[in-house]
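J.: Predicted model and sequence follow; I will ask about them next.
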Amino acid sequence: MIKILVIHGPNLNLLGKREPQIYGRVTLARINRILQGAAKKRGVALVIKQSNVEGRIVDLIQQAKKNKFQGLLINPAAYTHTSVALRDAIAACGLTTVEVHLSNIYSREEFRHKSLVSPVAKGTIMGFGAKSYLLGLEALVDLIEAR
């Protein structure tokens, strides 16, 4: 069975309340339920984590291979634009990685236009709200199955 680690970055625990005009009204709990349902249909096991702490996210990524994960679905949130540590952890872990974002980072403030994660991810899906996660999961499973 394919095992995928899903990581939600900082402030995503506030989804549904935080800037709904940008991020929508869907809560993180709802996104997680949708992801689990989609994973079950594909015969995939998900472990889902959220952290506001950069070092905790780096630890999760570093431990992923040892914990027998084959893929990483990540919304690095604000760390997308700032975290060399996160970028380096993804590059070092050797897992197939798909980056997702609820909003289109290129239609937002200029400081959000640069992703440090994208160069080490297999692909990036953004701008489709909560559906970005589903599209990212589908793409990630397809990539893993094709190996």
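T.: Ah, there it is.
J.: burial of Val58, as a residue count?
T.: By other CB atoms under 10 Å, 20 other residues sit near Val58. Every C-beta, even on glycine, is put in place using the N, C-alpha and C of the backbone.
J.: Just the element for the closest residue to it other than its chain neighbours, please.
T.: Nearest residue to Val58, sequence neighbours excluded (CB to CB, 6 or more residues apart in numbering): Ala89, at 4.6 Å. Counting by DSSP states H and E, the secondary-structure element that holds Ala89 is helix 84-93.
J.: what's next to that helix, contact-wise?
T.: When contacts are defined by CB atoms under 8 Å, 6 or more residues apart in numbering, helix 84-93 is touched by residues 54-55, 57-58, 61-62, 64-65, 72, 74, 76, 79, 97, 116-117, 119-121.
J.: Give the next helix or strand downstream of that helix.
T.: Once the chain leaves helix 84-93, the next helix or strand it forms, by DSSP H and E, is strand 96-101.
J.: could you say what helices and strands the helix or strand that comes right after that following strand packs with?
T.: Remark: after strand 96-101, the chain's next helix or strand is strand 123-126, criterion DSSP H and E. For strand 123-126, the packing partners by 3 or more CB pairs under 8 Å, 6 or more residues apart in numbering; DSSP states H and E come out as strand 96-101, helix 131-146.
J.: What are the buried residues along the last one?
T.: Right, helix 131-146. Under the neighbour-count criterion of 16 or more other CB atoms under 10 Å, helix 131-146 has Lys131, Ser132, Tyr133, Leu134, Gly136, Leu137, Ala139, Leu140, Val141, Leu143, Ile144 buried.
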